[in-house]
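Engineer: Mind looking at a prediction? Sequence and model below.
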Amino acid sequence: MDKEELKKNDDKELASKDENNSHKLEENGESQKTSDENLDTQKKEEEKLSPEQEIESLKDKLARTFAEMENQRRRFEKEKEDAYEYGGYSFAKEALNLLDNLQRSKVALENDENLKNTDALKKIIEHLDIINSDMLSIFKKNNIEPIKSINEKLDPNLHQAMMEVEDDLKEPGTIVQEIQKGFMMKDRLLRPSLVGVSKKKLDKNEKKEQKDEKN
């Protein structure tokens, strides 16, 4: 390899190094520029707020934090009170099935032709009534009480109408039959009363019209 070729190679290497150094300088320059811009932005933000404004900003943040803590404390207290007041809600709701089964057993025995008008039936009914009364007494001690229904106006929040009964002696919408007794636990509904409500008797023409409409 002659001197001219060596010189050309050296020149190429120098040019490549100069180019790399130039790129590095540019990158460092950009990085330094970004850093300077961030510092300038931070300084501007600091310059925007005076000491008094910073104190007011901190006061506002503290007030918001304390308000959130107070809201959380109140929610916790409410949940604790509900757990204490209504902790037996689910159990009470299930226990109502015992009363229902007791009533069904009583009706079934009373309708049994082989037991009707017998001393054995009378004794069984007496015992069932005693059990029913004891259960209602226990419920009452735990703030669980039956909903008033008969002769009351239908209240959608407490009663569920299952049927209508023609009765001109009662105002329409008056409860005249209780199919299943409803219960409250303090101010909370355990279950609504299933009831039959009164409606005006229809004359023959109105009944005929209703039949025609159905057909």
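Structural biologist: Received, thanks.
Engineer: Just give the number of residues close to residue 67.
Structural biologist: Other residues within reach of residue 67, judged by other CB atoms under 10 Å, total 10. Where you see a C-beta, it was placed from the backbone N, CA and C, and this is true even at glycine.
Engineer: 151 is where my numbering starts, stick with that
Structural biologist: Yes, from this point I'll number from 151; that puts the last item at residue 217.
Engineer: so where do the helices sit in the chain?
Structural biologist: Taking DSSP state H, the helices of the chain run over residues 153-198, 201-235, 239-260, 269-291, 354-364.
Engineer: Report the mean confidence score over the first one.
Structural biologist: Averaging pLDDT along helix 153-198 yields 54.
Engineer: tell me the contacts of the nearest residue to residue 286 once chain neighbours are set aside?
Structural biologist: Excluding the flanking residues, the one nearest residue 286 by CB to CB, 6 or more residues apart in numbering is residue 296, at 7.3 Å. Residues in contact with residue 296, defined by CB atoms under 8 Å, 6 or more residues apart in numbering, are 286, 331-334.
Engineer: so what's residue 296 bridging to?
Structural biologist: Following DSSP bridges, residue 296 is listed with bridge partners residue 333.
Engineer: Against residue 218, how distant is residue 201?
Structural biologist: Distance check for residue 201 against residue 218: by CB to CB, to the nearest Å, it reads 26 Å.
Engineer: So between those two, which is more surrounded?
Structural biologist: Applying other CB under 10 Å to residue 201 and residue 218 shows that residue 218 carries more neighbours, namely 10 against 7.
Engineer: Would you check how far apart the more buried one and residue 212 are?
Structural biologist: Counting by CB to CB, the separation of residue 218 from residue 212 is 11 Å.
Engineer: cool, and residue 250?
Structural biologist: Relative to residue 212, residue 250 is positioned 57 Å away (CB to CB).
Engineer: Could you do residue 325 as well?
Structural biologist: Residue 325 is 58 Å from residue 212, by CB to CB.
Engineer: Who has more neighbours out of those two?
Structural biologist: Each of residue 325 and residue 212 has its neighbours counted (other CB under 10 Å); residue 325 has more, 23 against 10.
Engineer: Distance check, the more buried one against residue 271.
Structural biologist: Counting by CB to CB, the gap from residue 325 to residue 271 is 30 Å.
Engineer: same thing with residue 343?
Structural biologist: Residue 343 is 28 Å from residue 271, by CB to CB.
Engineer: More neighbours: which of the two?
Structural biologist: Shown here are residue 343 and residue 271; by other CB under 10 Å, residue 343 has more neighbours (24 against 15).
Engineer: if you skip the residues just before and after it, what's nearest to that one?
Structural biologist: residue 332 (3.3 Å).
Engineer: What count of nearby residues applies to the one you found?
Structural biologist: Neighbours of residue 332 using other CB under 10 Å come to 20.
Engineer: contacting residues for it?
Structural biologist: Residue 332 touches 296-297, 299, 308-309, 339-344, counting by CB under 8 Å, 6+ apart.
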